[in-house]
Structures are given as structure tokens and as C-alpha cells.
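Trainee: structure for the following, please:
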Amino acid sequence: MSLVKKPEMTEKKVAANRRNQNLCNPPVVDERRERIRAALRRFGYNVQAEEIAMRALGEAPADFEELLEALWEEWNPVGGLQEGVVIRLARALWLANRADRMQEGYALRQAHDVNSGRQDRLHAQMMRLRITADRLRLLVQSVAREHYVTTPADLEKMKNLHQDGEIALALFYQLQAPGTGEDGVDRNEQARRALVRIKEIFGLHTDSPPQVNVTRNSSSPQESQHNAQGGTVRDASPAHVEVAPDFSPARADLKVGATPENDKRYPNITEAEWEARERPRQLLENILTRQADACEAQRKAVLKESLKGPSPYERAAEIAPTHPNARVMRRMQDSNLREVRRLTNLLLRIKRYERQMQALEKTAALHDVSEKEEVSGLE
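Mentor: Coordinates of the predicted model:
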């Protein structure tokens, strides 16, 4: 075991050695380049046309020349066969790299399309959550009233929310007025509307206001007085008021625009039934409040996601090759790699054969030298 520590070769030292070698032997580099260009012309490659095609594809011809020079220096081809194989190897490696760039370019384009549509999708999702939360809060305000009875408007809102609210919808049905169907309309009211519709069709419907006839009281001692011109003058005594049978005056204790209490509007619901309906009403209020809070929390989570951006795993899933040409690109890459392997094995066999031939020639030369020495010794 040697006690002398060998110097460690770093990339910086290797690059410095190459630069020094190029400075020491510049004619060799120029001669190699001329050999490469001559070999390209012999094998039918138009250097100028290849450069134009590479620039059109966004590639740098200088990079291909560097790759070819590196392979030429590594394999040091001798003869037309080896030169042709090295050129084919360089082109196969270049095409394999081009296939990689094709896949990465398509993934980049797909990621750009996803980014442009991702913000719109998240914004639309946040708007839907905001609208749903607002509608749920409106339902909470409506249900929070004492002696609540399900209205057709609230029932329609709950049906249009598209939430996982089967329990809430069942509670809405339970809190309907007695005799109300699933559509939220009272059967008596529905029959009255049908009757009004029939009257409208046959022209029997009139919307005249209740008639109030004011006549003088027959017990008044002065029924009429004739003036000097023969006119009739009615006196200002209190008159008798006749009201239509369907007219009901408003309560004196209600202000303009006020509505009576729910228990007055639903006289067929007893006090015991109101107490029994209070428990489902509170449960429905709690469920709607929790759903509104859940929508708001989900909206905030989506907002944070939009600000933070996708994770590496999400990005990898978004740029997954799902396009129809993905399999074709993969086959092109595999074909180029197989071509590289075949050409490399061919070069190795050629070099091995060349070394074997050199060894045979050296052995034959040594045998000739030994024979000559034996002959000279006999003489």
C-alpha cells in the first residue's frame, strides 16, 4: 500500500488540463475539425442545411458540433467505417435529446394552459361557495324566527343549493303547515288558484274592490231639503255604511305594512304543536349554520390554495402526458436509445477487433524478429 496520497482530480482541474492541452496543441484540434467536416461530407451530410434545420427547430448547431467533437476525441475513429459509426452515434444521441426536449416542451405548454385555467377555476369555485354560504345564512335568518313555518320560497332555495342536506330538507318538510304538500303549497290554496285560473279563462274573474255604499239613515227627520232653485241638498248627519261580505278590516293594533303573528296566520296549529315544532326548528337552524360555516371555511382554504400555488405532486399530476402523441414521443425516445446502444456495441467490437489485429501483428513481428535472430546466430 502506497503511503503517498494521490492528488484528487476535480472538475476544475480536469477543465484546466483540457484548456492547457488545447493551448499546447492547437493544430491537432483544427486538424480534427477538418477531418470531421470531411467525414460529414463523405457520408452525405450538408452542414449548412443541417444548421438551418437546427436553428428552425430552436437548436444550436454549435452544441451538435461540440457533441460530435467529444465523441470523435473519445473514440478516435480510424477509417471510413468507424467515422461513419461515430457520426451516426452523435446523431442518435442528438435525436434522443430532441425527444426529451419534445416531451418537456409539451409538458411546459400543458402546465402553462393549466396555470391560465387554474385561477379561473379556483375563482369560480370560491364564488360558488360564497353564494352558497350567503343563501344558507338567509335561510338561517328565516328559520331563526319564532313559530317558523316552511314557505315555498325557502323550500325552493334549499332544493337549489345542491348541498348534502337530506336531513335539512326533511326538516323543512316537517316544518310545513298542516295540509301542505311537498311542493310547499297548501291544498286549499292550490284549489283556490285553480278556480281563479278557470274564471280568468272564461272571463268570469273580476278584480273590483269591495263596494262601500253610503246611504242616509231612514230614521232621520230631515230626508231632503229643496232650495229656492228646486235642488236637493243632503244633510251632514251620520250615514249607514254597507260593507261587502268578503271584506275584513285590519286590526287596530297593527301598523301599516305589519303582518300578524305566525300563530294567528295558522290557527289550526295548537300551542302544543308549536312546542313540538320548536325542537326540529332549532335542529334545522344549527344544521344550516354549520353548513354555512363549512362553506366559508372551504372558501378560505381555496383562497389559500390559489395564493400558495400547486405543490410539486399536483404539478406532476397536471403535466402528466395524457395527449395522444405521448406514446409516439416515448417510442421515438426508446428507438433512439436502442440505436445508441447498437452503435456503441458496434464500436466496441470494432475497437476490440482492431486491438486483436494489432496484437496479432505485433506477435507476428516478434516472431519474425526471433527467426531472423536465430538465422543470424546460425550463420
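
Trainee: what residues does the helix or strand hosting Phe64 touch?
Mentor: Taking DSSP states H and E as the criterion, Phe64 maps to helix 61-75. Applying Cβ atoms under 8 Å, 6 or more residues apart in numbering, the external contacts of helix 61-75 come out as 32-33, 35-36, 50-51, 54-55, 82, 86-87, 89-90, 93-94, 347, 351. Where C-beta positions appear, they are placed from N, C-alpha and C, glycine not excepted.

Trainee: now do the SS call for Leu89.
Mentor: helix (DSSP: H, G, I helix; E, B strand; the rest coil).

Trainee: same question for Asp334.
Mentor: Strictly by three-state DSSP, Asp334 counts as helix.

Trainee: per-residue pLDDT, Gln163?
Mentor: At Gln163, the predicted lDDT confidence score is 61.

Trainee: once you drop chain neighbours, what's closest to the residue positioned nearest the centre of the chain?
Mentor: Geometric centre of the chain, nearest residue: Arg118, 4.7 Å, by Cα atoms, centre = their mean. Spatial nearest neighbour of Arg118, excluding adjacent residues (Cβ to Cβ, 6 or more residues apart in numbering): Pro310 at 7.4 Å.

Trainee: now that neighbour, what are its backbone angles?
Mentor: Dihedral pair for Pro310: phi -70, psi 150, per degrees, to the nearest 10.

Trainee: what of the one 10 residues further on?
Mentor: For Ala320, the backbone dihedrals are phi -60, psi 140 (criterion: degrees, to the nearest 10).

Trainee: that one - how many residues pack around it?
Mentor: 10 (other Cβ atoms under 10 Å).

Trainee: distance of it relative to Arg101?
Mentor: Using Cβ to Cβ, to the nearest Å, we find Ala320 at a distance of 18 Å from Arg101.

Trainee: likewise Leu155?
Mentor: For Leu155 relative to Arg101 (Cβ to Cβ), the value is 60 Å.

Trainee: what mean pLDDT does stretch 136-152 get?
Mentor: In the prediction, stretch 136-152 has an average pLDDT of 89.

Trainee: chain center to it: distance?
Mentor: 36 Å (Cα atoms, centre = their mean, to the nearest Å).

Trainee: buried residues, it. List them.
Mentor: Leu136, Arg137, Leu139, Val140, Ser142, Val143, Tyr148, Val149, Thr150, Thr151 (16 or more other Cβ atoms under 10 Å).

Trainee: got a list of what the nearest residue to Arg281 once chain neighbours are set aside touches?
Mentor: Nearest residue to Arg281, sequence neighbours excluded (Cβ to Cβ, 6+ apart): Tyr148, at 5.3 Å. Counting by Cβ under 8 Å, 6+ apart, Tyr148 touches Ser142, Leu175, Asn262, Arg277, Arg281.
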